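*Asks:* Task: produce atomic coordinates for the following.
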Amino acid sequence: MARTSRLLTLLQILRGKHLPATAASLAAELEVSERTLYRDIAELVAQGAPIYGEAGVGYVLRPGLFLPPLMLSADETEAIVLGLRYVDQRGDPVLSQAAHDALAKIEAVLPPAMRETAQNPVAHPGPPLRRYPDEPVELKAYRSAIRAQAKLRITYRDLAGQPSSRVVWPIALGFMEEVRMLAAWCELRQDFRHFRTDRIATAEETGERYPGYRSALVKAWRSARLHRDDR
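*Replies:* Residues are numbered from 1 along each chain as shown. As a prediction, the model looks like this:
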């Protein structure tokens, strides 16, 4: 394995470790000597990687924004470009702009060969879908509430157009083929519900923060979906 590839692989291994990894275990994964491993660690630290090591304990990669050059393979570049172009086509204006900006930033730091892959990829998303139904509330309002764990009071119209008032705990946005959905815990139903965003007539924060952690709610929501699929 070339040294550049080995350094990137070492970073990926450290990113995936939740506990300190010893030099011996890292060297074994990379199939190199411990001496080579020490040199590679020293090189990454010199380049700015937030790696912390302690004798007898091991190495950990601290949280940080260390992005070494040549960090993407051709296949990884293809995957990211395909995903961003898909979002650019199907996202709301905020996500479409974010995808466009992210792709420009990635292309700016890629080496020439990888930049050519990004600009002329092998894989392309299909043609843009027809326009989503009109949404009375902009999606940025839901994003803001989700990130703040803020309760929302919504007015929701059912299939027959009958309105109902709900207080919900928003946790995620879903982008389906023909509609967008707000996933939330519904205080009225005492269960997770999916609300079509084109049927939400109004949405206002109540001023209350819902209890617990959003991550725990998302985990419970996914589990509930799996159990429903199993039935």
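
*Asks:* Domain map for the protein?
*Replies:* Domains of the chain are assigned by automatic domain parsing as 3-61, 74-119, 139-230.

*Asks:* Any idea how far apart the tips of the shortest one sit?
*Replies:* Okay, so that is domain 74-119. End-to-end distance of domain 74-119 (C-alpha to C-alpha, to the nearest Å): 12 Å.

*Asks:* mean confidence for that domain?
*Replies:* Averaging pLDDT along domain 74-119 gives 84.

*Asks:* do the same with the longest one
*Replies:* Computed over domain 139-230, the mean pLDDT rounds to 91.

*Asks:* What of stretch 4-15?
*Replies:* Mean predicted confidence for stretch 4-15 is 82.

*Asks:* coming back round to it: wait, which of the domains of the chain is closest to residue 127?
*Replies:* In terms of C-beta to C-beta, the element of those nearest to residue 127 is domain 74-119, at 8.4 Å. C-beta: built from backbone N, CA, C; applies to glycine.

*Asks:* For the chain, which segments count as strands?
*Replies:* Listed in chain order, the strands of the chain (DSSP state E) span 51-54, 58-61, 150-157, 163-175, 180-186, 191-196, 200-209.

*Asks:* List the neighbouring strands of the third one plus their orientation.
*Replies:* Paired with strand 150-157 in the same sheet, following DSSP bridges, are strand 163-175 (antiparallel), strand 200-209 (antiparallel).

*Asks:* Could I get the buried residue list for it?
*Replies:* Buried residues in strand 150-157, defined by neighbour count with 16 or more other C-beta atoms under 10 Å: 150-157.

*Asks:* next one: the fourth one
*Replies:* Taking 16+ other C-beta under 10 Å as the basis for neighbour counts, the residues of strand 163-175 that come out buried are 166-173, 175.

*Asks:* what comes into contact with that strand?
*Replies:* 90-91, 139, 142-143, 145-146, 149-158, 180-188, 193-195, 197, 201, 206, 210, 214, 217-218, 221 (C-beta atoms under 8 Å, 6 or more residues apart in numbering).

*Asks:* And the first one, by the same measure?
*Replies:* Contacting residues not belonging to strand 51-54 are listed as 14, 20, 41, 44-45, 59-62 [C-beta under 8 Å, 6+ apart].

*Asks:* Next, the buried residues of it.
*Replies:* 51, 53.

*Asks:* hmm, back to that, now tabulate the contacts of strand 51-54 in JSON lines and tack on distance to residue 114 and neighbour count.
*Replies:* Formatted as JSON lines, the contacts of strand 51-54 follow (distance: C-beta to C-beta, whole Å; neighbours: other C-beta atoms under 10 Å):
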{"residue": "14", "distance to residue 114": "23", "neighbour count": "21"}
{"residue": "20", "distance to residue 114": "32", "neighbour count": "15"}
{"residue": "41", "distance to residue 114": "25", "neighbour count": "19"}
{"residue": "44", "distance to residue 114": "20", "neighbour count": "21"}
{"residue": "45", "distance to residue 114": "25", "neighbour count": "15"}
{"residue": "59", "distance to residue 114": "28", "neighbour count": "22"}
{"residue": "60", "distance to residue 114": "29", "neighbour count": "16"}
{"residue": "61", "distance to residue 114": "23", "neighbour count": "20"}
{"residue": "62", "distance to residue 114": "27", "neighbour count": "10"}
